[in-house]
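# heads up, no residue letters with this:
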């Protein structure tokens, strides 16, 4: 009777090495074709295709090896190596649908390279460099393109544009509710967005003006207590953003401004969570594998737990004003069916994270650029003093909207450092037949991004000084100063998209503008700013990292109360 170890040898003794090689290569090639056409990504499917199949091939190899263990090891290696080889060969071949679009080899081979670049925080600089080398369209992944053209905005992001790409896939377990920002189905996205649109309508914005004024005053009052000493201004803008969104979204005071601290480590959790998600988003299938590891998403779990607390508190206290939650949970009874609580939890967390972080970034960026440009700072102060003279509080939003230099400074800060540096991913979904974007035909199944950071600094869209803070570009010609007489003036307003564009663009952009105007007027009217002695100011911009949203380093400044 044959032993188990001898059984494969007896069965396979009639096969030659060439036969074994052909059989294994055929099975591996068929497995590659499954990946190529079906794109399986669930852990069970991956286990079958990458582990179980090569293990079952071990009896073929056993006669050539000294042990069954070595046969299994060789089977695993050869099977997966051949799949990888086929994948790389196809992606670099002239037969790939994106073969005509230029890009470095590592990007064309795998998204692992972009994941690595993103982990360094310098994705925005890397992609800009690629555009400088390769031109307006660059292959940033095996099936992904980055575009640096204003005429691509409408066909990619507009009403008849492309749906969201796989960057947003697998963020939550199957069957769980995803946040609005992760919703890829355009019909479902439009349905989910309706309460948000009501919450940020012109009529609703009037309801938030009092909160904007109160929180702006809270910020300057707390900063005045710390006058003449070094503070991390970036930290205080975060405190403001979070407290404002807590008030505006849930009618809740998170108390960060009052305490001068983040006692619940919310900001740490937000930055940790967004940084990890921005890296894994390049390989969205990895989210499924990550969830198999216990306690592998502590930042997200903590934030979701906090959102449940905030929502629970808001439900318990009821509506004291028409805050964002009033619309999200439909307390006005506009919809036929009330949204389920998991949807409210998810979207409530999104509101706080997105609304606080992006506004804080814009305020910090504006103060940074004003510190680097004393002429612009003095000109802005003169305008604010003119519109709001001594003894008059800056609380008139109609006045603020009509202040040309204030709005020019805000726009210029958003141009140079938009809250989402690398844009948002869209996709020509399979079966669509592809789409013409500007002069480029984008094959179906291709992911596309318009790189905001690069486009905002494109000299064909903004000139002169595309990399410099020059608010005058937003003013009428008669009011501009500092422009070289020999320079051609170019200002393509279509290319300016700091809040994205189209039906999936930032729904809260008008509220963000109210905040930016009010906070800027209050800060500049109350304080003189100077950077901490010895601090290399330009290092702040160098320390900016791209984690989908901007992550900011400390900005040490000293505030002096104006006479």
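Now that the structure is in, tell me what you want to look at. Note that this is a predicted model, so its numbers are computed, not measured.
# output the lowest mean pLDDT helix or strand found in this structure.
Least confident helix or strand of the chain, by mean pLDDT, DSSP states H and E, is helix 7-12 with a mean of 43.
# so residue 537 touches residue 531, yeah?
Yes: the pair residue 537 / residue 531 is scored as a contact, 5.2 Å apart, by CB atoms under 8 Å. For every residue, glycine as well, the C-beta is placed using N, CA and C.
# more neighbours: the two, which one.
residue 531 (18 against 14; other CB atoms under 10 Å).
# so what sits opposite that one in the bridge?
Beta-bridge pairing for residue 531 (DSSP bridges): residue 557.
# where do the contact lists of residue 537 and residue 531 overlap?
Both residue 537 and residue 531 are contacted by residue 371, under the criterion CB atoms under 8 Å, 6 or more residues apart in numbering.
# for the stretch 451-563 of the chain, just list every one of the helices.
452-456, 509-526, 538-542 (DSSP state H, counting those that start in this stretch).
# make JSON lines out of the ones you listed and add mean pLDDT and distance to residue 378.
Shown next, in JSON lines, are the helices of the stretch 451-563 of the chain (pLDDT from 0 to 100; distance: least, CB to CB, whole Å):
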{"stretch": "helix 452-456", "mean pLDDT": "98", "distance to residue 378": "25"}
{"stretch": "helix 509-526", "mean pLDDT": "95", "distance to residue 378": "10"}
{"stretch": "helix 538-542", "mean pLDDT": "95", "distance to residue 378": "20"}
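# surely residue 163 and residue 429 touch.
Yes: between residue 163 and residue 429 a contact is recorded at 6.0 Å, counting by CB under 8 Å.
# how about residue 189, nearest residue that isn't a chain neighbour?
The shortest distance from residue 189 to any non-neighbouring residue, by CB to CB, 6 or more residues apart in numbering, is to residue 183 (4.4 Å).
# dihedrals phi and psi, that neighbour?
Dihedral pair for residue 183: phi -80, psi 110, per degrees, to the nearest 10.
# show me what contacts it?
Contacts for residue 183 (CB under 8 Å, 6+ apart) come out as 164, 168, 189, 192.
# measure it to residue 164 for me?
With the distance defined as CB to CB, to the nearest Å, residue 183 ends up 7 Å from residue 164.
# what do these two both touch?
Contact criterion CB under 8 Å, 6+ apart; residues shared by residue 183 and residue 164: residue 189.
# per-domain residue ranges of this protein.
Listed domain ranges for the chain are 7-92, 180-411+502-561 (source: automatic domain parsing).
# quick one: low-confidence ranges for the stretch 151-300 of the chain?
Within the stretch 151-300 of the chain, the set of residues satisfying pLDDT under 70 is empty.
# now do the strands in it.
Under the criterion DSSP state E, counting those that start in this stretch, the stretch 151-300 of the chain carries strands at the ranges 163-164, 230-232.
# do the same with the stretch 401-550 of the chain
Counting by DSSP E, counting those that start in this stretch, the stretch 401-550 of the chain has these strands, from start to end: 425-428, 435-437, 440-442, 446-450, 462-463, 490-491, 527-531, 545-547, 549-551.
# the first one pairs with which strands, and in what direction?
Translated: strand 425-428. strand 163-164 (antiparallel), strand 446-450 (antiparallel).
# distance between the helix or strand hosting residue 22 and the chain's centre?
Using DSSP states H and E, residue 22 falls within helix 17-38. Computed by CA atoms, centre = their mean, to the nearest Å, the chain-centroid distance of helix 17-38 equals 39 Å.
# would you mark the buried spots in the helix or strand just after it?
Downstream of helix 17-38, the next assigned helix or strand under DSSP H and E is helix 43-47. Judged by neighbour count (16 or more other CB atoms under 10 Å), helix 43-47 contains these buried residues: residue 45.
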